[in-house]
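**Student:** fold the following and give me the result.
(one chain, ligands or ions: 2)
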Amino acid sequence: MAAAAAGGERRGDRGARPRGCGCKGVRSCLLCERERGGGVSGALPPQKPAHFIYCLETGFAVGAEDSAFAGWAFPFPGVTLIRDFVSVEEEAELVRLMDQDDWKLSQSGRRKQDYGPRVNFRKQKLKPGSFDGLPSFSREIVQRMGTYPILERFLPVEQCNLDYHPERGSAIDPHLDDSWLWGERLVSLNLLSPTVLSMSQDSGERLQLLSVAQQRTRSSGPNDPEMGDLSGSPSTRSVSCDQVEVAIHLPARSLLVLSGAARYQWKHAIHRQHIESHRICATFRELSAEFCPGGKQEELGQELLEIALSFQGKPV
Ligand SMILES: O=C(O)CCC(=O)C(=O)O
Ligand SMILES: [Fe+2]
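**Tutor:** Ligands and ions are numbered 1, 2, ... in the order given. Prediction:
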């Protein structure tokens with residue numbers, strides 16, 4: 001289960017939980033918060049003062065218009081978003097097929113279905129367990145992924161479906177996905193409703209910002225009529241990384257690929273307030289170098305790949 005390592009979720013005994021709640025340790029959802037009364041701190045995301053919005057066209061994170069960072073931007077590499085990766089009809093069919101299997105209760109008001117090997121991330125132990133492959137309905141989806149250059153030779157060995165519902169206050173805390181087992185590209189298919197993936201870092205390093213005019217100069221050249229006023233002196237500004245949150249807007253039916261800095265340096269999260277209606281996300285993960293040809297555990301990697309790509313799986 002990737003999200004466990006990803007989010008560092010812990011087992012903990014906080015007494016009986018209400019029906020429908022799968023929270024453990026410090027996590028909570030609307031159901032257990034209601035039961036406890038008064039809510040809990042940590043149910044809402046920490047507010048970061050510097051709000052940026054990821055711009056798909058330029059690959060920059062751009063200061064939100066109503067904020068103190070309007071007019072400022074910085075490069076945000078490692079994000080690829082493919083709109084309309086599946087059609088409305090395919091989306092409905094995928095959800096119908098997912099719903100034929102049970103959803104297990106998970107942390108923070110989520111439900112999940114996992115198709116993947118048995119993993120202990122803490123001890124770095126891995127075995128196939130009862131994994132019998134990705135589900136048959138993913139065969140075409142995985143084949144389609146491979147037609148995009150960014151997903152060349154993308155061979156997933158895990159699929160994790162997560163189900164988010166506003167009534168349960170579903171969310172996922174900021175985390176990095178594991179990188180011992182999982183490789184460079186994290187791929188997620190967004191179904192049923194749009195949401196926002198919130199990117200943040202704990203590091204106190206300074207992030208150098210460019211004024212939007214400077215950014216246009218670099219990307220468009222000096223003769224672009226869109227450039228606006230470039231005559232002023234180039235100004236600079238910086239902000240501490242841990243003050244920044246970058247919103248990546250994810251339309252329904254889009255496919256998101258995170259790699260590089262967006263995968264390894266920036267944590268990702270879905271805040272509760274960004275689940276406005278039922279949402280399902282299917283995340284696909286590939287193996288890290290250790291499990292690929294030439295790596296220490298290539299045989300185990302090959303075995304897992306063969307199982308995964310038989311597409312005969314049921315949730316583990
Ligand atoms: O729901 C999402 O888009 C993110 C899921 C995620 O980060 C994870 O499963 O590790
Ligand atoms: Fe994740």
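**Student:** check which helix or strand covers whatever residue of the stretch 151-300 of the chain ends up closest to ligand 1.
**Tutor:** Closest approach between the stretch 151-300 of the chain and ligand 1, counting by CB to the nearest ligand atom: residue 281, at 3.6 Å. C-beta coordinates here come from the backbone N, C-alpha and C atoms, glycine included. Per DSSP states H and E, residue 281 falls inside strand 279-287.
**Student:** thinking again about what came up before, for the residue of the stretch 151-300 of the chain closest to ligand 1, what are its contacts?
**Tutor:** Residues near residue 281 by CB atoms under 8 Å, 6 or more residues apart in numbering: 161-162, 164, 188-191.
**Student:** residue ranges for the helices of the stretch 151-300 of the chain, please.
**Tutor:** Counting by DSSP state H, counting those that start in this stretch, the stretch 151-300 of the chain has these helices, from start to end: 212-220, 260-264, 298-308.
**Student:** quick check: mean pLDDT across stretch 153-160?
**Tutor:** Across stretch 153-160, the average pLDDT comes to 98.
**Student:** which intervals of this protein have sub-threshold pLDDT?
**Tutor:** Scanning the chain for pLDDT under 70 picks out 1-16, 38-46, 214-234.
**Student:** which residues does the residue positioned nearest the centre of it contact?
**Tutor:** Against the mean C-alpha coordinate of the chain, by CA atoms, centre = their mean, the closest residue is residue 268 at 5.6 Å. By CB under 8 Å, 6+ apart, residue 268 lies in contact with 174-176, 197-199, 258, 262.
**Student:** just the ones of those residues in strands?
**Tutor:** For the contacts of residue 268, the ones inside strands are 174-175, 197-199, 258, with DSSP state E as the criterion.
**Student:** possible to save those residues as a markdown table with distance to ligand 2 and neighbour count?
**Tutor:** Below are those laid out as a markdown table (distance: CB to the ion, whole Å; neighbours: other CB atoms under 10 Å):
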| residue | distance to ligand 2 | neighbour count |
| --- | --- | --- |
| 174 | 9 | 19 |
| 175 | 6 | 17 |
| 197 | 9 | 25 |
| 198 | 12 | 22 |
| 199 | 11 | 25 |
| 258 | 8 | 23 |
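**Student:** mind putting those residues into TSV with distance to residue 57?
**Tutor:** Output for the ones in strands among the contacts of residue 268, formatted as TSV (distance: CB to CB, whole Å):
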residue	distance to residue 57
174	26
175	28
197	17
198	20
199	18
258	18
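**Student:** can you tell me the residue of the stretch 51-200 of the chain closest to ligand 2?
**Tutor:** Closest contact between the stretch 51-200 of the chain and ligand 2, by CB to the ion, is at residue 177 (4.4 Å).
**Student:** near residue 69, how many other residues are there?
**Tutor:** Number of residues near residue 69 (other CB atoms under 10 Å) recorded here: 21.
**Student:** distance check, the residue nearest to the centre of the chain against ligand 2.
**Tutor:** 6 Å (CB to the ion, to the nearest Å).
**Student:** and residue 49, by the same measure?
**Tutor:** 24 Å.
**Student:** wait, that residue touches residue 243, no?
**Tutor:** Yes. With contact defined as CB atoms under 8 Å, residue 49 reaches residue 243; the gap is 5.4 Å.
**Student:** so for those two, which residue has more residues nearby?
**Tutor:** Ranked by neighbour count (other CB under 10 Å), residue 49 and residue 243 place residue 243 first, with 15 against 12.
**Student:** which residue, other than its chain neighbours, is closest to that one?
**Tutor:** residue 50 (4.7 Å; CB to CB, 6 or more residues apart in numbering).
**Student:** tell me the contacts of that neighbour?
**Tutor:** 63, 67-69, 239, 243-245.
**Student:** run through the bridge partners of it.
**Tutor:** residue 244 (DSSP bridges).
**Student:** check the one 10 residues further on too.
**Tutor:** Listed by DSSP bridges, the beta-bridge partners for residue 60 are residue 55, residue 75.
**Student:** any residue of stretch 18-29 up close to ligand 1?
**Tutor:** No. Judged by CB under 6 Å from any ligand atom, stretch 18-29 stays clear of ligand 1, getting no closer than 13.6 Å.
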